[in-house]
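Trainee: No sequence on hand, only this structure:
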Ligand SMILES: [Ca+2]
Ligand SMILES: [Ca+2]
Ligand SMILES: [Ca+2]
Ligand SMILES: [Ca+2]
């Protein structure tokens, strides 16, 4: 749900070298983690394979499929394309099989490339591959974020961010391309949506990087714009709900300075860095809590109505110092780096999960990371609050630090218990055997040990498997 342009900078901070026992039997014999789920677990690892990138697919029937630009026969123009930097899952051609949209934002001199991989009975490699090809040039970063959404009437839209795109001579203002897909899977002419597009809030300004963060929403998309300047405050950030109205695109844009929204837009908050499906939870991981720098926060929203009657109302703003939220706001926790929602533990009650991947554990394990699970504000009923970390509710150990547990989060519906979801937690800094920063994905199972798994095949050093869920 999120894609951050400075993620690589943050990652470069940490390269700790001590050893740690592997979490589980790795190296190709990981257990099938998707058993009982309604669809496959799809993991993007843009740093895998020397940053050519990879997408690992784990199906509920226990089979799996590794997708790379090589295995798919794509020629990407340069090494280090970061295929899998953004991934979306959904059935685009109504054949009952989930299709994929995969970005490679560094391909072709940072112009970026993005494909629809239609599924087939024998997997994605054997299915039809359709490249999405808008007019673009180097530096657009087309594919930095992707989303699949549905419209009434059966049409689907594929949204692809190109945050480096120049708009009316304004560099790195950014656009989101919309590709409408018919129920039979044919792709229409793309439409470029920018902050200068009629009905879209804001205006295109240098360095907005509009399109760096996308999440699906009803009839449209949510765009996180963490690099938006609010007044004189650069990178304060905003979030926009955009949908197709009767006479064109319509939208609502909010920042921490908007009426009714708690908090204050400040330089470097990066409000909009992460956005849950529907935009009910928006992360501002570089928010200061009191005088505590970069402790992080999230803003909750309640969305109601459709079309022109759509309304977005701000709920509570939460940090680790808020009542009902586990933990303590400390410098550099980056609470809100990743967010997701789902019914994880209590049927009928939705929760939100918020990652703090740079939380220090046990007093000294830097960047161990935690995930807070709390009832989504406005829900009928409450569900227990959970503070999750390795050695505390999640499988794995924190012997080395730098696991960055909670740097990515995902939700997949369960098929075995109707109306409930599986929470997935990326720990892309996890050491596996001698492979530093190989990465794992953890499935939290309330009241049980949960599961964890690495990539298909031998664990790869610096893969950061699990960066994108
Ligand atoms: Ca399909
Ligand atoms: Ca702007
Ligand atoms: Ca703020
Ligand atoms: Ca903390």
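Mentor: Right, received. Where do you want to start? Keep in mind that this is a model prediction, so the values were computed, not measured. Numbering: from 1, shown residues only. Ligands and ions are numbered 1, 2, ... in the order given.
Trainee: The residue in the stretch 101-250 of the chain that ligand 3 sits nearest to: what's it in contact with?
Mentor: Residue nearest to ligand 3 within the stretch 101-250 of the chain: residue 236 (6.9 Å; CB to the ion). Any C-beta I mention is one placed from the backbone N, CA and C, and that applies to glycine too. The contact partners of residue 236, taken as CB atoms under 8 Å, 6 or more residues apart in numbering, are 228-230, 255-257, 265-269, 271.
Trainee: Just the buried ones from these?
Mentor: 228-230, 255-257, 265-266, 268-269, 271 (16 or more other CB atoms under 10 Å).
Trainee: Output the residues you listed as JSON lines; include the columns secondary structure, pLDDT and distance to residue 141.
Mentor: JSON lines is the format used below for these (DSSP: H, G, I helix; E, B strand; the rest coil; pLDDT from 0 to 100; distance: CB to CB, whole Å):
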{"residue": "228", "secondary structure": "coil", "pLDDT": "98", "distance to residue 141": "17"}
{"residue": "229", "secondary structure": "coil", "pLDDT": "98", "distance to residue 141": "19"}
{"residue": "230", "secondary structure": "strand", "pLDDT": "98", "distance to residue 141": "23"}
{"residue": "255", "secondary structure": "strand", "pLDDT": "98", "distance to residue 141": "23"}
{"residue": "256", "secondary structure": "coil", "pLDDT": "98", "distance to residue 141": "26"}
{"residue": "257", "secondary structure": "coil", "pLDDT": "98", "distance to residue 141": "27"}
{"residue": "265", "secondary structure": "coil", "pLDDT": "98", "distance to residue 141": "25"}
{"residue": "266", "secondary structure": "coil", "pLDDT": "98", "distance to residue 141": "26"}
{"residue": "268", "secondary structure": "coil", "pLDDT": "98", "distance to residue 141": "21"}
{"residue": "269", "secondary structure": "coil", "pLDDT": "98", "distance to residue 141": "22"}
{"residue": "271", "secondary structure": "coil", "pLDDT": "98", "distance to residue 141": "21"}
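Trainee: among these, which are in reach of ligand 3?
Mentor: Taking CB under 5 Å from the ion as the test, ligand 3 is in contact with 256, 266, 269 out of the buried ones among the contacts of residue 236.
Trainee: now, which of the residues you listed sits nearest residue 125?
Mentor: Closest approach to residue 125 among these (CB to CB): residue 269, at 42.1 Å.
Trainee: Distance check, the most far-flung residue of the chain relative to its centre against residue 180.
Mentor: What lies farthest from the middle of the chain is residue 247; by CA atoms, centre = their mean that is 30.6 Å. Note on residue 247: its distance to residue 180, by CB to CB, to the nearest Å, is 17 Å.
Trainee: Now residue 128: closest residue in space that isn't a chain neighbour?
Mentor: residue 118 (4.3 Å; CB to CB, 6 or more residues apart in numbering).
Trainee: contacting residues around that neighbour?
Mentor: Counted by CB under 8 Å, 6+ apart, residue 118 has contacts 92-93, 97, 99, 124, 127-130, 185.
Trainee: neighbour-wise, which of these leads?
Mentor: residue 92 (29 neighbours; other CB atoms under 10 Å).
Trainee: what's the nearest residue to that one if we skip its chain neighbours?
Mentor: Nearest to residue 92 is residue 99, by CB to CB, 6+ apart, at 4.5 Å.
Trainee: Which helix or strand contains the residue of the stretch 351-469 of the chain found nearest ligand 3?
Mentor: Here the stretch 351-469 of the chain gets closest to ligand 3 at one residue, residue 354, 16.2 Å apart by CB to the ion. Element membership of residue 354 [criterion: DSSP states H and E] is strand 351-356.
Trainee: For this protein, which segments count as helices?
Mentor: 7-11, 48-51, 107-110 (DSSP state H).
Trainee: In terms of mean pLDDT, which of these ranks lowest?
Mentor: Per-stretch mean pLDDT for the helices of the chain is lowest at helix 7-11 (a mean of 34).
Trainee: if we can go back for a sec, export the contacts of residue 236 as CSV, with columns for distance to ligand 1.
Mentor: Compiled in CSV, those are given as follows (distance: CB to the ion, whole Å):
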residue, distance to ligand 1
228, 35
229, 40
230, 40
255, 37
256, 39
257, 42
265, 41
266, 44
267, 44
268, 41
269, 39
271, 35
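Trainee: can you tell me which two in the residues you listed are farthest apart?
Mentor: 257 and 268 (14.6 Å).
Trainee: returning to that earlier point: identify the residues contacting the residue nearest to residue 92.
Mentor: Applying CB under 8 Å, 6+ apart to residue 99 gives the contacts 89-93, 116-119, 127, 185.
Trainee: Apply 10 Å and report the result again.
Mentor: Residues near residue 99 by CB atoms under 10 Å, 6 or more residues apart in numbering: 88-93, 116-120, 124, 127-128, 130, 148, 156, 158, 181, 185.
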